[in-house]
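> 3D, please:
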Amino acid sequence: MIGLGLALAGLALSVYYWDRVPDPMPTHWNWRGEVDGWGPRTLGLLLMPGLAVLFMGLLPLADRLGETPEDRAANAAPARAYIVGLVGFLALMHALTVRAALHPPDYRLPVELLLPLLGALLVLTGWLFPQLAPNRWMGIRLRSTLGSERVWRATHRYAGVLYTVCGLVLAICPALGGERVVLITAGVVFVAIIVLPLHYAWLSARDEQVGR
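Purely as a prediction, here's the structure:
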């Protein structure tokens, strides 16, 4: 119900502001929040609410993640929570997009609000990672993690802490300094959440092979 309410709120926002948003409207911004892309109003006002509704349609699949009944039962709650969290993120992103489209002449997207949203999504991911049982749809799905439950569990515990810390850093980085500080911090965060879990999974798999 929460996810459905958020998805419908995004659609309602589009309907309410339909005639006040320019056509074409800003649909893409650079890292400074400056407009660098325009598109049809229909696309700009319906894309993210449509994606939110689409993700809500994936909720029934949350009960099917895993090879065993135990894994499917363990994954159901975190999968539902992540889908609802993603829908909430899309709804808030849509609200920021509409807000920018209503503020000419620069139509600036407030990056100082966007980064905390991204940070919150990373924190949610970090909280859910340790709860995930092995499956082929959510989580860090590598040959090493899918081939060993021990490697899966260790990698997701590590990634859970990493994503939580990186999410908090990303959320507060707009208050740390100027544009250069924000750009460097965001770049380090996104490299870290991609590279470090892969490296940790490789180390865990190697240690397991040595132990055998």
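> Hmm, Cys174 is touching Val111, no?
Heads up, residue 174 is Pro, not Cys. Yes - counting by Cβ atoms under 8 Å, Val111 is a contact partner of Pro174 at 6.9 Å. Bear in mind the C-beta positions are built from the backbone N, C-alpha and C, glycine included.
> list residues touching both of those two?
Val182 (Cβ atoms under 8 Å, 6 or more residues apart in numbering).
> So what touches stretch 182-193?
Under Cβ under 8 Å, 6+ apart, the answer for stretch 182-193 is 31, 111, 115, 122, 159, 162-163, 166, 169-170, 173-174, 176.
> whoops, I mixed them up, stretch 83-92
2-3, 6-7, 9-10, 48-49, 51-52, 55-56, 58-59, 62, 117, 120-121, 124.
> which among those residues end up buried?
Neighbour-count burial (16 or more other Cβ atoms under 10 Å) is assigned, among those, to 3, 6-7, 9-10, 48-49, 51-52, 55-56, 59, 62, 117, 120-121, 124.
> What subset of the contacts of stretch 182-193 is buried?
111, 115, 122, 159, 162-163, 166, 169-170, 173-174.
> Widest-spaced pair of those residues?
Distances among these were taken as Cβ to Cβ; the most separated pair is Val111 and Ala159, at 25.7 Å.
> that older thread, any chance of the buried ones among the contacts of stretch 182-193 in a markdown table, plus secondary structure?
Output for those, formatted as a markdown table (DSSP: H, G, I helix; E, B strand; the rest coil):
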| residue | secondary structure |
| --- | --- |
| Val111 | helix |
| Leu115 | helix |
| Leu122 | helix |
| Ala159 | helix |
| Leu162 | helix |
| Tyr163 | helix |
| Cys166 | helix |
| Val169 | helix |
| Leu170 | helix |
| Cys173 | helix |
| Pro174 | helix |
